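Peer 1: Only the shape, not the letters, is given here:
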């Protein structure tokens, strides 16, 4: 069973519907007991880094997530991926979960072409940098769906795949130990995204 963390900022319906379409059992929960009982955990997220981290703190689940990530697969999606890092700089500096070394910065600050729209929204090709079980059913260069204004950087050692947006190599997928993250939304990325979720469900 996959536990989907409910802390008030995730696109829970699309994600649970995608897993259901794959025949994968999932449960939306904010129960520490259910997170501990799950075989895998997904941390979704939309919105601003600081607000989301505060809401996650308020659930009391942060210590549980850190403990469970030591021995079972955890996947952060979009803002959920960003929260895995040490800190984020959206409306000030905020502390993340510290599960993956790196930081989350404003895409606008690193784009040399200021005519490009931010948020980076829409389909983009994911270039796989290193082989990983998460990509078991995923082909290099497939298109995935992004919606974000901030991105992870200074995390090359953990980066699995990137997508180019103007001058910026956007960190698209990461891994450290049992912790994975995707900046794009697998649940909105059509068949390619479903295949990635299938691979996660088999980790």
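Peer 2: Okay, I see it. Since we're looking at a predicted model, the values are computed, not measured.
Peer 1: neighbours of the nearest residue to residue 82 once chain neighbours are set aside, just the number please.
Peer 2: Spatial nearest neighbour of residue 82, excluding adjacent residues (Cβ to Cβ, 6 or more residues apart in numbering): residue 104 at 4.4 Å. C-beta: built from backbone N, CA, C; applies to glycine. Using other Cβ atoms under 10 Å, residue 104 has 27 neighbouring residues.
Peer 1: Just confirm residue 104 is within a strand.
Peer 2: Yes - under DSSP: H, G, I helix; E, B strand; the rest coil, residue 104 falls within a strand.
Peer 1: For this structure, give me the ranges with low pLDDT.
Peer 2: Judged by pLDDT under 70, the chain has no weakly predicted residues.
Peer 1: quick one: the residue nearest to residue 82 from residue 151, how far?
Peer 2: Residue 104 is 7 Å from residue 151, where distance means Cβ to Cβ, to the nearest Å.
Peer 1: what do you get for residue 78?
Peer 2: 11 Å.
Peer 1: Repeat that for residue 199.
Peer 2: Distance of residue 199 to residue 151, given as Cβ to Cβ: 23 Å.
Peer 1: For these two, indicate the residue with more neighbours.
Peer 2: More crowded of residue 199 and residue 151, by other Cβ under 10 Å: residue 151, with 25 against 18.
Peer 1: Check which helix or strand the more buried one maps to.
Peer 2: For residue 151, the element it lies in under DSSP states H and E is strand 150-153.
Peer 1: mind listing the helices for the protein?
Peer 2: For the chain, the helices defined by DSSP state H occupy 12-21, 32-37, 49-59, 62-68, 79-82, 190-201.
Peer 1: do you know which of these lies nearest residue 138?
Peer 2: Closest approach to residue 138 among the helices of the chain is made by helix 190-201 (5.4 Å; Cβ to Cβ).
Peer 1: what packs against the closest one?
Peer 2: Identification of packing neighbours for helix 190-201 by 3 or more Cβ pairs under 8 Å, 6 or more residues apart in numbering; DSSP states H and E yields helix 12-21, strand 40-43, strand 143-148.
Peer 1: hmm, who's touching the second one?
Peer 2: In other words, strand 40-43. 1-5, 10, 15, 26, 35, 65, 68-69, 72-77, 80, 83-84, 200-201, 203 (Cβ atoms under 8 Å, 6 or more residues apart in numbering).
Peer 1: and if you look at stretch 193-203?
Peer 2: Stretch 193-203 is contacted from outside by 2, 18-19, 21-22, 24, 40, 42, 73, 75, 133-138, 144-145, 180, 182, 184-187, 189, using Cβ under 8 Å, 6+ apart.
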